[in-house]
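**Student:** would you be able to build a 3D model of this:
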Amino acid sequence: MSLLPEQPQDQYWMAKALRYAALGLGETWPNPSVGCLMLTVGDNENTQFHLTRTAAFGRPHAEEALLSIPSLKAKDSTVYVTLEPCAHEQKNLSCVDRLIRAGVKRVVIASQDPDQRTNGIAVQKLIEAGVSVTVGCLEKQANTMQQGYIYRQRYQRPMVTLKTAISLDGKTADSKGNSQWITNHYSRRRVHLLRAFHDATIVGIGTVIKDNPMLNCRLKRFEHRRSLRIVLDRQLRLPCTSKLAQTSTQFPTWVLYRYDSENRRSQLEKMGVEVHLLPDMSDISVILSYLAGKGLTRVLVEGGAKLHSAFFQAKLVDRLIIFQAPILLGSQGVDMTGPELKADIEQPYRFKLIHTRKLINDFYYEYRQA
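**Tutor:** Reported below is the predicted structural model:
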């Protein structure tokens, strides 16, 4: 038996699974957020569907959660899963073995898992067990949604989203360095949403000292999320009086530093801050590789001009989000990048606009690296 082509209804059901999986982004790392939908036939011959996704912190997987539903009759059902079911050994059964044991008749997979412990293995296991398998249903949409997980598997780094708020003349702050508030309430709500759907938010110590931010999501629907906050702080200068340090037991906070300071490190650790010694902080790729090693798949960069420049210079901005307000701050205002960023018209840092939205008087622009 080999792979079978899509059926007319497949994209409809897979789209439902993908939308549900997307709601878990930012809370399932180090595992991907996977959607799993099962079609069964009810007592009156009516088609019913059951939908689950990967739980917070990555366990249980979507397939395990689905097959754990007490009343579910999985035998001879059709299952739609947004990522190839895991095939590597677990403490219990792998997800592909669970599906086979449950007696499902058909499995439709959006994209194959880049993890070499599963890649193609689960598909082969299903086929050998006599299960009909279709692969590639809405694959492009699935890969876009799972870009962070894919990047961690293939490139050993998380996906990077850089966010900034600017005036019409491209300034992030006025001549005195004041940046609150350039954009309106609706833009700020959107920023909170971005934080909720990323594993971590990254800032430099300069931004922390100047603005004393919280960097958490304060939208009621997503207040339960505890997205990680990361400070790049070479000399370990994070004040114990900062909001980040003061709330580190409520919202997880990491500090990456280069120069050891036993006293300050001890103080921050007692407050609940995780302190990570990273000897080489001059290379953004090294920092991202370290974070990927810790399980991060999606990071949001909210920094100043210096941090922005470092990410752009390294060409490690996968998605650029700009909130633009209808104000002018003049030539003495603060630019979104600093003098560290070098480019010319022949070799600019090029991005492709993929989405724009009006937020009352502000504009939201979303770009991908070209």
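**Student:** low-confidence regions, the protein specifically.
**Tutor:** 1, 42-45, 89-91, 261 (pLDDT under 70).
**Student:** how about the contacts made by the residue most central in space within the chain?
**Tutor:** For the chain, the residue nearest the mean C-alpha position is residue 298 (3.1 Å; C-alpha atoms, centre = their mean). Applying C-beta atoms under 8 Å, 6 or more residues apart in numbering, one finds that residue 298 lies in contact with 25-26, 29, 147-148, 158-159, 161, 197-200. For every residue, glycine as well, the C-beta is placed using N, CA and C.
**Student:** could you do residue 49 as well?
**Tutor:** 13, 16, 37-40.
**Student:** with neighbour count, secondary structure and distance to residue 328 as extra columns, can I get those residues in TSV?
**Tutor:** Formatted as TSV, those follow (neighbours: other C-beta atoms under 10 Å; DSSP: H, G, I helix; E, B strand; the rest coil; distance: C-beta to C-beta, whole Å):
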residue	neighbour count	secondary structure	distance to residue 328
13	22	helix	50
16	15	helix	45
37	25	strand	50
38	27	strand	55
39	18	strand	56
40	18	strand	60
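**Student:** now flag whichever of those residues is closest to residue 366.
**Tutor:** Of all the contacts of residue 49, residue 366 sits closest to residue 16, with 23.9 Å by C-beta to C-beta.
**Student:** is the residue lying closest to that closest one once chain neighbours are set aside in a bridge, and if so with what?
**Tutor:** What sits nearest to residue 16 in space, not counting adjacent residues and going by C-beta to C-beta, 6 or more residues apart in numbering, is residue 37, at 5.9 Å. Applying DSSP bridges to residue 37 gives these bridge partners: residue 51, residue 80.
**Student:** report the separation between residue 37 and residue 109.
**Tutor:** To residue 109, residue 37 is 12 Å away according to C-beta to C-beta, to the nearest Å.
**Student:** and the protein, what are its domains?
**Tutor:** According to automatic domain parsing, the chain comprises the domains 10-149, 156-369.
**Student:** endpoint to endpoint, the shortest one covers what distance?
**Tutor:** Start to finish, the residues bounding domain 10-149 are 24 Å apart (C-alpha to C-alpha, to the nearest Å).
**Student:** so that it lines up with my notes, have the first residue be 53 from now on.
**Tutor:** Right, with 53 as the first residue, what we last looked at is domain 62-201.
**Student:** partner residues bridging the nearest residue to residue 304 once chain neighbours are set aside?
**Tutor:** Sequence neighbours aside, residue 280 is the residue nearest to residue 304 in space, at 5.0 Å (criterion: C-beta to C-beta, 6+ apart). For residue 280, the beta-bridge partners are residue 252 (DSSP bridges).
**Student:** which ones are touching residue 280?
**Tutor:** By C-beta under 8 Å, 6+ apart, the residues touching residue 280 are 251-253, 304-306, 348.
**Student:** re earlier: got a list of what the residue nearest to residue 68 touches?
**Tutor:** Contacts of residue 89 (C-beta under 8 Å, 6+ apart): 65-66, 68-69, 72, 101-103, 131-133.
**Student:** now those: which count as buried?
**Tutor:** Among the contacts of residue 89, the ones that count as buried by 16 or more other C-beta atoms under 10 Å are 65-66, 69, 72, 102-103, 131-133.
**Student:** among the residues you listed, which pair sits farthest apart?
**Tutor:** Pairwise over the buried ones among the contacts of residue 89, using C-beta to C-beta, the maximum falls at 66 and 102, 14.8 Å.
**Student:** what's the closest of the buried ones among the contacts of residue 89 to residue 181?
**Tutor:** Distances from residue 181 to the buried ones among the contacts of residue 89, taken by C-beta to C-beta, are shortest for residue 131, at 13.1 Å.
**Student:** tell me how far the closest one lies from residue 59.
**Tutor:** In terms of C-beta to C-beta, residue 131 sits 13 Å off from residue 59.
**Student:** I'd say residue 411 and residue 239 touch.
**Tutor:** Yes. Using C-beta atoms under 8 Å, residue 411 makes contact with residue 239 at a distance of 5.2 Å.
**Student:** what is in contact with the two at once?
**Tutor:** residue 375.
**Student:** related to what we said a few turns ago, which of the contacts of residue 89 lies closest to residue 245?
**Tutor:** Nearest to residue 245 among these: residue 72, at 17.2 Å, using C-beta to C-beta.
**Student:** what residues are up against the nearest residue to the closest one once chain neighbours are set aside?
**Tutor:** Once flanking residues are discounted, residue 72 sits nearest to residue 87: 4.5 Å by C-beta to C-beta, 6+ apart. Going by C-beta under 8 Å, 6+ apart, residue 87 touches 68-74, 103-105, 114, 132-134.
**Student:** please apply the same query to residue 83.
**Tutor:** Per C-beta under 8 Å, 6+ apart, neighbours of residue 83: 106, 110-111, 113, 201.
**Student:** one more time with 7 Å, if that's ok
**Tutor:** 106, 110 (C-beta atoms under 7 Å, 6 or more residues apart in numbering).
**Student:** pretty sure it is in a helix, no?
**Tutor:** No. Secondary structure of residue 83 (DSSP: H, G, I helix; E, B strand; the rest coil): coil, not part of a helix.
**Student:** distance of residue 278 relative to residue 376?
**Tutor:** Relative to residue 376, residue 278 is positioned 30 Å away (C-beta to C-beta).
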